[in-house]
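Novice: Test case, fold it:
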Amino acid sequence: MKAVVTGGGGYFGYKLGCALASEGASVVLYDMNEPIWEIPSGVACIQADLRNYCAILAACEEADVVFHVASYGMSGKEQWQKEQIESININGTRYIIDACKEHNISRLIYTSTVNVVFGGLPIEDGDEESVPYFPLDKHVDHYSRTKSIAEQMVLAANGTPLAGGGILHTCVIRPPGIYGPEEQRHLPRLAKLIQRGLLSFKFGDPSAKVNWVHVENLAQAHILAAEALTPEKNYIASGQVYFINDGEKYNIFEWLTPLFERLGRWKPWIRIPTCLVYASAMAMEYLYLTLKPIVELSPVLTRNEVLNISVTHTFKIDKARTQLGYRPKKFVFADSVDHYIKTTPRGRNHHILLKVLILFVVIFSFICLSVGCYGLSLLRSFRERRH
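Specialist: Residues are numbered from 1 along each chain as shown. Okay, here's the model as predicted:
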(Lines give C-alpha, C1' and ligand atoms only; values in the text may rest on other atoms or scores of the structure.)
Protein backbone atom coordinates (compact mmCIF):
# COMPACT_ATOMS: atom_id res chain seq x y z
CA MET A 1 0.00 0.00 0.00
CA LYS A 2 1.20 3.49 -0.86
CA ALA A 3 0.04 6.27 1.45
CA VAL A 4 0.52 10.01 0.98
CA VAL A 5 0.53 12.17 4.12
CA THR A 6 0.22 15.91 3.54
CA GLY A 7 1.70 17.97 6.35
CA GLY A 8 4.22 15.17 6.77
CA GLY A 9 6.91 17.58 7.93
CA GLY A 10 4.91 18.44 11.04
CA TYR A 11 4.67 16.54 14.29
CA PHE A 12 1.51 14.54 13.73
CA GLY A 13 2.00 14.03 9.99
CA TYR A 14 5.47 12.63 10.64
CA LYS A 15 4.28 10.34 13.44
CA LEU A 16 1.42 9.09 11.28
CA GLY A 17 3.85 8.38 8.44
CA CYS A 18 6.11 6.42 10.78
CA ALA A 19 3.17 4.41 12.10
CA LEU A 20 2.08 3.56 8.55
CA ALA A 21 5.63 2.58 7.57
CA SER A 22 5.90 0.31 10.62
CA GLU A 23 2.89 -1.59 9.27
CA GLY A 24 4.56 -2.12 5.91
CA ALA A 25 3.16 0.79 3.91
CA SER A 26 5.18 2.80 1.42
CA VAL A 27 4.81 6.38 2.66
CA VAL A 28 5.25 9.80 1.05
CA LEU A 29 5.48 12.76 3.42
CA TYR A 30 4.40 15.87 1.51
CA ASP A 31 5.28 19.21 3.09
CA MET A 32 6.99 22.54 2.51
CA ASN A 33 9.52 21.51 5.15
CA GLU A 34 11.27 18.24 5.81
CA PRO A 35 10.73 16.67 9.25
CA ILE A 36 13.29 17.58 11.89
CA TRP A 37 13.37 13.93 12.96
CA GLU A 38 15.08 10.93 11.38
CA ILE A 39 13.33 9.55 8.31
CA PRO A 40 12.69 5.80 8.74
CA SER A 41 12.99 3.17 6.04
CA GLY A 42 10.04 3.06 3.68
CA VAL A 43 9.34 6.78 3.98
CA ALA A 44 10.08 9.35 1.27
CA CYS A 45 9.82 13.14 1.59
CA ILE A 46 8.62 15.57 -1.05
CA GLN A 47 9.15 19.26 -0.33
CA ALA A 48 6.45 21.19 -2.14
CA ASP A 49 3.61 23.64 -1.60
CA LEU A 50 0.08 22.37 -1.06
CA ARG A 51 -1.01 25.00 -3.58
CA ASN A 52 1.14 23.43 -6.32
CA TYR A 53 -1.27 21.09 -8.10
CA CYS A 54 1.37 19.60 -10.37
CA ALA A 55 3.51 18.66 -7.37
CA ILE A 56 0.50 17.13 -5.63
CA LEU A 57 -0.31 15.07 -8.70
CA ALA A 58 3.26 13.79 -8.86
CA ALA A 59 3.27 12.88 -5.16
CA CYS A 60 -0.06 11.07 -5.39
CA GLU A 61 0.80 8.95 -8.41
CA GLU A 62 -0.03 5.28 -7.75
CA ALA A 63 -1.18 6.09 -4.20
CA ASP A 64 -3.87 3.97 -2.55
CA VAL A 65 -4.83 6.39 0.22
CA VAL A 66 -4.27 10.04 1.11
CA PHE A 67 -4.19 11.41 4.64
CA HIS A 68 -4.74 15.15 4.35
CA VAL A 69 -3.17 16.47 7.55
CA ALA A 70 -1.65 19.74 6.30
CA SER A 71 -3.14 23.06 7.40
CA TYR A 72 -2.05 26.60 8.15
CA GLY A 73 -2.90 29.33 10.63
CA MET A 74 -3.51 27.47 13.88
CA SER A 75 -1.30 29.63 16.09
CA GLY A 76 1.39 32.28 16.19
CA LYS A 77 1.84 35.04 13.64
CA GLU A 78 0.35 32.91 10.87
CA GLN A 79 -3.12 33.29 12.43
CA TRP A 80 -3.54 36.69 10.76
CA GLN A 81 -2.29 35.78 7.31
CA LYS A 82 -5.81 35.43 6.00
CA GLU A 83 -5.03 34.95 2.32
CA GLN A 84 -2.50 32.20 3.01
CA ILE A 85 -4.82 30.46 5.45
CA GLU A 86 -7.61 30.38 2.90
CA SER A 87 -5.42 29.40 -0.05
CA ILE A 88 -3.79 26.53 1.84
CA ASN A 89 -6.69 25.22 3.91
CA ILE A 90 -9.40 25.62 1.27
CA ASN A 91 -7.71 25.62 -2.14
CA GLY A 92 -5.13 23.07 -1.02
CA THR A 93 -7.92 20.75 0.07
CA ARG A 94 -9.64 21.21 -3.28
CA TYR A 95 -6.39 20.20 -5.01
CA ILE A 96 -6.12 17.08 -2.87
CA ILE A 97 -9.68 16.05 -3.75
CA ASP A 98 -9.03 16.66 -7.45
CA ALA A 99 -5.78 14.67 -7.31
CA CYS A 100 -7.62 11.73 -5.75
CA LYS A 101 -10.18 11.81 -8.56
CA GLU A 102 -7.56 12.10 -11.30
CA HIS A 103 -5.33 9.33 -9.92
CA ASN A 104 -8.19 6.98 -8.97
CA ILE A 105 -7.33 7.14 -5.27
CA SER A 106 -10.42 5.78 -3.56
CA ARG A 107 -9.64 6.72 0.06
CA LEU A 108 -9.18 10.18 1.56
CA ILE A 109 -8.97 10.85 5.31
CA TYR A 110 -9.08 14.49 6.42
CA THR A 111 -7.62 15.69 9.71
CA SER A 112 -9.99 18.38 10.93
CA THR A 113 -10.44 19.93 14.40
CA VAL A 114 -13.07 20.13 17.12
CA ASN A 115 -13.11 23.86 16.43
CA VAL A 116 -15.39 23.30 13.45
CA VAL A 117 -18.18 22.85 16.01
CA PHE A 118 -16.75 24.82 18.95
CA GLY A 119 -16.62 28.58 18.91
CA GLY A 120 -17.03 29.63 22.53
CA LEU A 121 -20.34 28.03 23.52
CA PRO A 122 -20.28 25.15 26.03
CA ILE A 123 -20.44 21.62 24.61
CA GLU A 124 -20.51 18.74 27.07
CA ASP A 125 -20.11 15.19 25.77
CA GLY A 126 -21.05 16.21 22.26
CA ASP A 127 -21.40 13.60 19.55
CA GLU A 128 -21.22 13.61 15.78
CA GLU A 129 -24.98 13.56 15.23
CA SER A 130 -26.16 16.15 17.76
CA VAL A 131 -23.51 18.89 17.53
CA PRO A 132 -23.89 21.20 14.50
CA TYR A 133 -21.20 23.23 12.79
CA PHE A 134 -20.45 26.54 14.48
CA PRO A 135 -21.64 29.34 12.14
CA LEU A 136 -18.83 30.36 9.82
CA ASP A 137 -19.37 34.08 10.37
CA LYS A 138 -19.15 33.69 14.17
CA HIS A 139 -15.64 32.23 14.36
CA VAL A 140 -13.07 34.59 15.90
CA ASP A 141 -10.22 33.08 13.87
CA HIS A 142 -9.68 32.32 10.18
CA TYR A 143 -8.19 28.91 10.90
CA SER A 144 -11.33 27.39 12.42
CA ARG A 145 -13.55 28.87 9.73
CA THR A 146 -11.42 27.55 6.87
CA LYS A 147 -11.05 24.13 8.49
CA SER A 148 -14.84 23.94 8.68
CA ILE A 149 -15.17 24.83 5.00
CA ALA A 150 -12.49 22.30 4.02
CA GLU A 151 -14.08 19.56 6.12
CA GLN A 152 -17.42 20.07 4.43
CA MET A 153 -15.69 19.98 1.03
CA VAL A 154 -14.16 16.60 1.86
CA LEU A 155 -17.49 15.20 3.03
CA ALA A 156 -19.25 16.55 -0.07
CA ALA A 157 -16.67 14.75 -2.23
CA ASN A 158 -17.62 11.39 -0.76
CA GLY A 159 -19.24 9.21 -3.38
CA THR A 160 -17.99 11.15 -6.38
CA PRO A 161 -16.75 9.13 -9.36
CA LEU A 162 -13.05 8.64 -10.06
CA ALA A 163 -11.51 9.22 -13.48
CA GLY A 164 -10.79 5.54 -14.09
CA GLY A 165 -13.96 4.22 -12.53
CA GLY A 166 -14.79 3.55 -8.93
CA ILE A 167 -15.91 5.87 -6.15
CA LEU A 168 -14.07 8.25 -3.83
CA HIS A 169 -14.65 7.40 -0.17
CA THR A 170 -13.85 10.10 2.37
CA CYS A 171 -14.06 10.54 6.12
CA VAL A 172 -13.07 13.14 8.70
CA ILE A 173 -11.20 12.93 12.01
CA ARG A 174 -11.82 15.72 14.55
CA PRO A 175 -9.09 15.84 17.22
CA PRO A 176 -8.68 18.30 20.11
CA GLY A 177 -5.22 19.46 21.22
CA ILE A 178 -2.45 16.95 20.56
CA TYR A 179 0.29 16.00 23.02
CA GLY A 180 3.18 13.57 23.13
CA PRO A 181 6.98 13.53 23.30
CA GLU A 182 8.53 16.12 20.96
CA GLU A 183 5.20 17.81 20.21
CA GLN A 184 6.09 21.18 18.72
CA ARG A 185 3.04 23.43 19.13
CA HIS A 186 0.77 23.11 22.17
CA LEU A 187 3.23 22.19 24.92
CA PRO A 188 5.90 24.78 23.96
CA ARG A 189 3.18 27.43 23.63
CA LEU A 190 1.73 26.65 27.07
CA ALA A 191 5.21 26.54 28.61
CA LYS A 192 5.98 30.01 27.25
CA LEU A 193 2.71 31.39 28.60
CA ILE A 194 3.54 29.99 32.04
CA GLN A 195 7.12 31.27 31.96
CA ARG A 196 5.90 34.73 30.98
CA GLY A 197 3.45 34.75 33.87
CA LEU A 198 0.39 34.85 31.63
CA LEU A 199 -1.10 31.77 33.26
CA SER A 200 -0.37 32.96 36.80
CA PHE A 201 -4.10 33.35 37.34
CA LYS A 202 -7.19 31.34 36.59
CA PHE A 203 -10.07 32.43 34.44
CA GLY A 204 -13.14 30.90 32.88
CA ASP A 205 -15.66 28.46 34.29
CA PRO A 206 -14.03 26.72 37.31
CA SER A 207 -15.60 23.45 36.17
CA ALA A 208 -14.58 23.83 32.51
CA LYS A 209 -13.32 20.60 30.96
CA VAL A 210 -11.59 19.77 27.67
CA ASN A 211 -10.25 16.69 25.89
CA TRP A 212 -6.73 15.96 24.70
CA VAL A 213 -5.37 13.27 22.43
CA HIS A 214 -1.99 11.56 22.48
CA VAL A 215 -0.27 11.45 19.11
CA GLU A 216 -0.20 7.64 19.09
CA ASN A 217 -3.94 7.43 19.69
CA LEU A 218 -4.58 9.92 16.92
CA ALA A 219 -2.39 7.94 14.51
CA GLN A 220 -4.25 4.76 15.48
CA ALA A 221 -7.58 6.43 14.65
CA HIS A 222 -6.39 7.56 11.22
CA ILE A 223 -5.11 4.11 10.28
CA LEU A 224 -8.35 2.50 11.45
CA ALA A 225 -10.33 5.07 9.45
CA ALA A 226 -8.38 4.17 6.31
CA GLU A 227 -9.18 0.49 6.87
CA ALA A 228 -12.85 1.38 7.40
CA LEU A 229 -12.98 2.87 3.89
CA THR A 230 -12.34 -0.52 2.27
CA PRO A 231 -14.81 -3.13 0.97
CA GLU A 232 -13.54 -5.54 3.64
CA LYS A 233 -15.03 -3.16 6.23
CA ASN A 234 -18.13 -2.45 4.10
CA TYR A 235 -17.00 1.17 3.68
CA ILE A 236 -18.45 1.85 7.13
CA ALA A 237 -16.53 5.12 7.51
CA SER A 238 -17.53 6.48 4.11
CA GLY A 239 -18.89 10.01 4.49
CA GLN A 240 -18.51 9.91 8.28
CA VAL A 241 -16.94 12.20 10.88
CA TYR A 242 -15.33 11.01 14.11
CA PHE A 243 -14.38 12.83 17.29
CA ILE A 244 -11.09 11.37 18.50
CA ASN A 245 -9.53 11.90 21.92
CA ASP A 246 -8.07 9.91 24.82
CA GLY A 247 -11.52 9.29 26.29
CA GLU A 248 -10.80 11.52 29.30
CA LYS A 249 -11.93 15.02 30.35
CA TYR A 250 -9.66 17.49 32.12
CA ASN A 251 -9.73 20.93 33.62
CA ILE A 252 -6.97 22.73 31.74
CA PHE A 253 -5.32 24.15 34.87
CA GLU A 254 -5.30 20.73 36.59
CA TRP A 255 -4.02 19.14 33.39
CA LEU A 256 -1.11 21.58 33.37
CA THR A 257 -0.03 20.81 36.96
CA PRO A 258 3.05 18.77 35.88
CA LEU A 259 4.16 21.62 33.63
CA PHE A 260 3.84 24.21 36.40
CA GLU A 261 5.80 21.94 38.74
CA ARG A 262 8.61 21.12 36.27
CA LEU A 263 8.99 24.81 35.41
CA GLY A 264 9.21 25.69 39.11
CA ARG A 265 6.10 27.87 39.06
CA TRP A 266 3.22 28.04 41.49
CA LYS A 267 -0.10 26.78 40.27
CA PRO A 268 -2.47 29.73 39.74
CA TRP A 269 -4.97 30.33 42.52
CA ILE A 270 -6.23 33.86 41.84
CA ARG A 271 -9.24 33.97 39.52
CA ILE A 272 -9.97 37.01 37.38
CA PRO A 273 -13.00 37.78 35.18
CA THR A 274 -12.95 36.03 31.84
CA CYS A 275 -14.20 39.16 30.09
CA LEU A 276 -11.04 40.97 31.24
CA VAL A 277 -8.81 38.24 29.82
CA TYR A 278 -10.85 38.19 26.62
CA ALA A 279 -10.54 41.97 26.30
CA SER A 280 -6.79 41.73 26.92
CA ALA A 281 -6.47 39.10 24.20
CA MET A 282 -8.44 41.29 21.83
CA ALA A 283 -6.17 44.21 22.64
CA MET A 284 -3.09 42.06 22.03
CA GLU A 285 -4.43 41.03 18.63
CA TYR A 286 -5.08 44.64 17.62
CA LEU A 287 -1.68 45.65 18.96
CA TYR A 288 -0.04 42.95 16.87
CA LEU A 289 -1.84 44.12 13.73
CA THR A 290 -0.94 47.75 14.48
CA LEU A 291 2.76 47.02 15.04
CA LYS A 292 3.04 44.43 12.27
CA PRO A 293 4.50 46.90 9.70
CA ILE A 294 7.17 47.90 12.24
CA VAL A 295 8.06 44.76 14.18
CA GLU A 296 7.08 41.09 13.96
CA LEU A 297 5.77 39.81 17.30
CA SER A 298 3.64 36.79 18.07
CA PRO A 299 0.46 37.69 19.98
CA VAL A 300 0.91 36.62 23.57
CA LEU A 301 -2.66 35.39 24.00
CA THR A 302 -5.51 35.19 21.50
CA ARG A 303 -9.30 35.27 21.86
CA ASN A 304 -9.53 31.75 20.50
CA GLU A 305 -7.12 30.51 23.17
CA VAL A 306 -9.13 32.25 25.89
CA LEU A 307 -12.31 30.55 24.70
CA ASN A 308 -10.61 27.15 24.47
CA ILE A 309 -9.32 27.43 28.03
CA SER A 310 -12.37 28.97 29.70
CA VAL A 311 -15.32 27.06 28.21
CA THR A 312 -16.18 23.37 28.45
CA HIS A 313 -16.05 21.50 25.15
CA THR A 314 -15.85 17.74 25.45
CA PHE A 315 -16.81 15.04 22.98
CA LYS A 316 -17.72 11.37 23.06
CA ILE A 317 -15.72 8.81 21.11
CA ASP A 318 -18.39 6.10 21.11
CA LYS A 319 -18.85 6.25 17.35
CA ALA A 320 -15.13 5.72 16.72
CA ARG A 321 -15.07 2.86 19.21
CA THR A 322 -18.03 1.15 17.55
CA GLN A 323 -17.37 1.75 13.85
CA LEU A 324 -13.58 1.93 13.72
CA GLY A 325 -12.63 -0.30 16.63
CA TYR A 326 -10.75 2.63 18.17
CA ARG A 327 -9.22 1.79 21.55
CA PRO A 328 -7.22 4.68 23.04
CA LYS A 329 -4.19 3.70 25.05
CA LYS A 330 -3.47 5.31 28.40
CA PHE A 331 -0.75 7.96 28.47
CA VAL A 332 0.49 10.38 31.11
CA PHE A 333 0.94 14.05 30.20
CA ALA A 334 3.78 14.32 32.74
CA ASP A 335 5.92 12.06 30.54
CA SER A 336 5.63 14.53 27.66
CA VAL A 337 6.47 17.38 30.04
CA ASP A 338 9.57 15.57 31.29
CA HIS A 339 10.76 15.04 27.73
CA TYR A 340 10.17 18.70 26.93
CA ILE A 341 12.11 19.89 29.99
CA LYS A 342 15.04 17.58 29.24
CA THR A 343 15.33 18.57 25.58
CA THR A 344 14.57 22.30 25.73
CA PRO A 345 17.39 24.76 26.53
CA ARG A 346 16.56 27.06 29.41
CA GLY A 347 16.93 30.52 27.91
CA ARG A 348 17.41 33.70 29.87
CA ASN A 349 14.21 35.58 30.58
CA HIS A 350 15.21 38.96 29.18
CA HIS A 351 12.04 39.80 27.29
CA ILE A 352 12.25 43.51 28.07
CA LEU A 353 10.37 44.67 25.00
CA LEU A 354 7.77 41.98 25.52
CA LYS A 355 7.23 43.01 29.14
CA VAL A 356 6.77 46.64 28.12
CA LEU A 357 4.29 45.63 25.46
CA ILE A 358 2.40 43.41 27.89
CA LEU A 359 2.17 46.31 30.35
CA PHE A 360 0.80 48.50 27.58
CA VAL A 361 -1.66 45.80 26.60
CA VAL A 362 -2.91 45.37 30.16
CA ILE A 363 -3.58 49.10 30.40
CA PHE A 364 -5.15 49.20 26.98
CA SER A 365 -7.27 46.15 27.77
CA PHE A 366 -9.17 48.07 30.42
CA ILE A 367 -10.25 50.41 27.67
CA CYS A 368 -11.32 47.43 25.60
CA LEU A 369 -13.02 45.70 28.54
CA SER A 370 -16.46 46.81 27.54
CA VAL A 371 -15.82 45.62 24.00
CA GLY A 372 -14.71 42.22 25.21
CA CYS A 373 -17.67 41.83 27.52
CA TYR A 374 -19.92 42.85 24.67
CA GLY A 375 -18.35 40.13 22.53
CA LEU A 376 -19.05 37.51 25.19
CA SER A 377 -22.60 38.79 25.56
CA LEU A 378 -23.03 38.20 21.83
CA LEU A 379 -21.93 34.60 22.33
CA ARG A 380 -24.42 34.20 25.17
CA SER A 381 -27.22 35.70 23.13
CA PHE A 382 -26.35 33.41 20.24
CA ARG A 383 -26.51 30.44 22.58
CA GLU A 384 -29.94 31.56 23.77
CA ARG A 385 -31.13 31.86 20.18
CA ARG A 386 -30.02 28.30 19.50
CA HIS A 387 -32.09 27.06 22.39
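Novice: which residue sits closest to Cys100, ignoring its sequence neighbours?
Specialist: Excluding the flanking residues, the one nearest Cys100 by C-beta to C-beta, 6 or more residues apart in numbering is Leu108, at 5.2 Å. C-beta: built from backbone N, CA, C; applies to glycine.
Novice: helices or strands next to the helix or strand that neighbour falls within in the packing?
Specialist: Element membership for Leu108, per DSSP states H and E: strand 107-111. Applying 3 or more C-beta pairs under 8 Å, 6 or more residues apart in numbering; DSSP states H and E, one finds that strand 107-111 contacts strand 65-68, helix 92-102, helix 142-157, strand 169-174, helix 215-227.
Novice: Which one of the ones you listed lies nearest to Arg196?
Specialist: Checking the helices and strands packed on strand 107-111 against Arg196 by C-beta to C-beta gives helix 142-157 as the closest, at 22.6 Å.
Novice: what is the rounded mean pLDDT of that closest one?
Specialist: The average pLDDT for helix 142-157 rounds to 98.
Novice: how far is that helix from where the chain is centred?
Specialist: 13 Å (C-alpha atoms, centre = their mean, to the nearest Å).
Novice: In contact with the nearest residue to Ile88 once chain neighbours are set aside: list those residues for me.
Specialist: Distance criterion C-beta to C-beta, 6+ apart; nearest residue to Ile88, sequence neighbours excluded, is Tyr72 at 4.1 Å. Each residue near Tyr72 by C-beta atoms under 8 Å, 6 or more residues apart in numbering is listed here: 78, 81, 84-85, 88-89, 143.
Novice: Adding secondary structure and neighbour count as columns, could you present these in JSON lines?
Specialist: As requested, these are exported to JSON lines (DSSP: H, G, I helix; E, B strand; the rest coil; neighbours: other C-beta atoms under 10 Å):
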{"residue": "Glu78", "secondary structure": "helix", "neighbour count": "15"}
{"residue": "Gln81", "secondary structure": "coil", "neighbour count": "15"}
{"residue": "Gln84", "secondary structure": "helix", "neighbour count": "14"}
{"residue": "Ile85", "secondary structure": "helix", "neighbour count": "22"}
{"residue": "Ile88", "secondary structure": "helix", "neighbour count": "23"}
{"residue": "Asn89", "secondary structure": "helix", "neighbour count": "25"}
{"residue": "Tyr143", "secondary structure": "helix", "neighbour count": "21"}
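Novice: Distance to Ile123 added to those residues, as CSV?
Specialist: As requested, those are exported to CSV (distance: C-beta to C-beta, whole Å):
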residue, distance to Ile123
Glu78, 26
Gln81, 28
Gln84, 29
Ile85, 24
Ile88, 27
Asn89, 22
Tyr143, 18
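Novice: if we can go back for a sec, would you mind finding the most buried of the helices and strands packed on strand 107-111?
Specialist: Across these, averaging neighbours per residue (mean count of other C-beta atoms under 10 Å) puts strand 65-68 on top, at a mean of 28.
Novice: tell me the mean pLDDT for it?
Specialist: Averaging pLDDT along strand 65-68 gives 99.
Novice: Stretch 28-41 now?
Specialist: On average, stretch 28-41 scores 94.
Novice: ok now it, how far from the chain's centre?
Specialist: Relative to its chain's centre, stretch 28-41 lies at 19 Å (C-alpha atoms, centre = their mean).
Novice: And the contacts of it?
Specialist: 2-10, 13-14, 17-18, 21-22, 43-50, 55-56, 59, 63, 70, 182.
Novice: Mind checking which of the residues you listed are buried?
Specialist: 2-10, 13-14, 17-18, 21, 43-46, 48-50, 55-56, 59, 63, 70 (16 or more other C-beta atoms under 10 Å).
Novice: so of those residues, which ones are in strands?
Specialist: Residues of those located in strands (DSSP state E): 2-6, 43-46.
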